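Peer 1: have a look at this fold, sequence not included:
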């Protein structure tokens with residue numbers, strides 16, 4: 001089966017962008033005839049690889065509302081790798097809507113909640129977006145999503161299949177021992193990612209350094225509110241993300257999977273996560289550790305307490321690190337590509 005994966009338009013070269021490239025590359029390594037089309041905004045952070053193979057096409061593309069969806073539909077019908085495929089797999093909502101306007105057979109693979117959550121946009125805009133996406137999904141041959149958390153959030157009446165994601169990284173296991181002293185936060189600077197919680201949790205811990213990697217509309221606000229022990233660092237090379245990391249802190253209001261948390265776990269970095277993270281139940285399976293590390297967003301004092309505990313208790317870090325590495329090892333891109341292949345076959 002010739003399958004084209006499509007994500008367009010993307011406004012950042014972050015989670016979906018990287019995961020799509022890794023998934024399709026692994027699928028091809030396993031013998032599948034897969035290709036990838038990416039439409040990426042000129043304002044997107046990060047750099048496009050200079051040596052893309054023929055089965056990856058990355059084109060400039062700007063978000064354009066409903067007219068942009070119509071234009072995307074026309075574009076996809078004109079891209080040979082998409083138009084000539086046996087099946088298209090859509091990776092973001094705008095692509096769902098564009099494919100729903102045409103006749104190509106397609107599957108929706110939701111990587112995050114495909115419409116704004118409450119408070120993220122005006123009520124009328126959220127209603128329109130949610131309605132259009134629900135209508136689009138009804139035209140898909142199948143709907144997949146990454147975790148049970150996301151499946152519940154979507155609340156669709158139609159059948160939704162869980163197709164687990166995975167990462168393609170070489171673990172550099174830390175193990176919890178030694179001299180590290182930085183709490184790491186990495187995400188877009190927007191309300192959905194809840195950066196203020198990180199600032200509030202670190203403020204009472206002047207001896208613990210914090211760094212925030214990302215970009216977005218809240219950058220100025222974050223800079224003005226950051227305590228002295230928190231540095232606002234912009235994006236960084238993923239290979240350098242965990243260099244001095246003592247703990248990864250995930251504060252998002254909703255995170256269908258949580259790639260950065262899984263990366264941290266694969267590197268033996270302890271994680272403290274909001275209970276809205278889809279990967280939390282996959283990474284933290286010990287009940288006692290779950291009570292310690294998977295927290296409600298409203299209780300800032302608990303976040304501060306556990307960060308202080310991890311910074312001071314090496315034995316706890318070792319226990320957490322070993323537990324996370326064992327669970328994260330199951331979330332590989334190899335396994336994910338096999339799951340996608342099985343879902344495509346069925």
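Peer 2: That came through, no problem. Just so it is clear, the structure is predicted and the values come from calculations on it, not from any experiment. Residues are numbered from 1 along each chain as shown.
Peer 1: tell me which stretches of the stretch 101-250 of the chain form helices.
Peer 2: With DSSP state H, counting those that start in this stretch, the ranges of helices along the stretch 101-250 of the chain come out as 123-138, 148-154, 195-202, 219-225.
Peer 1: switch those over to a markdown table; also include mean neighbour count, distance to residue 342 and mean pLDDT.
Peer 2: Quick note: C-beta positions are derived from backbone N, CA and C, even for glycine. Output for these, formatted as a markdown table (neighbours: other C-beta atoms under 10 Å; distance: least, C-beta to C-beta, whole Å; pLDDT from 0 to 100):
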| stretch | mean neighbour count | distance to residue 342 | mean pLDDT |
| --- | --- | --- | --- |
| helix 123-138 | 15 | 21 | 90 |
| helix 148-154 | 18 | 18 | 89 |
| helix 195-202 | 22 | 38 | 98 |
| helix 219-225 | 14 | 41 | 95 |
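Peer 1: tell me the average confidence for stretch 44-51?
Peer 2: For stretch 44-51, mean pLDDT is 86.
Peer 1: got the buried residues for it?
Peer 2: By neighbour count with 16 or more other C-beta atoms under 10 Å, stretch 44-51 contains the buried residues 44-45.
Peer 1: regarding it, how distant is the last residue from the first?
Peer 2: 19 Å (C-alpha to C-alpha, to the nearest Å).
Peer 1: over to stretch 7-16?
Peer 2: 8 Å.
Peer 1: need the residues that contact that stretch.
Peer 2: 17, 20, 36-41, 43-48, 59, 61-64, 68, 72, 75-76, 90-92, 94-95, 98, 111-112, 188, 215, 257, 259 (C-beta atoms under 8 Å, 6 or more residues apart in numbering).
Peer 1: which stretches in this structure count as strands?
Peer 2: 2-10, 33-40, 56-60, 87-90, 106-110, 142-145, 160-162, 182-186, 209-213, 230-232, 245-250, 271-274, 294-295 (DSSP state E).
Peer 1: of these, which is nearest residue 325?
Peer 2: Nearest of these to residue 325, taken as C-beta to C-beta: strand 271-274 at 11.4 Å.
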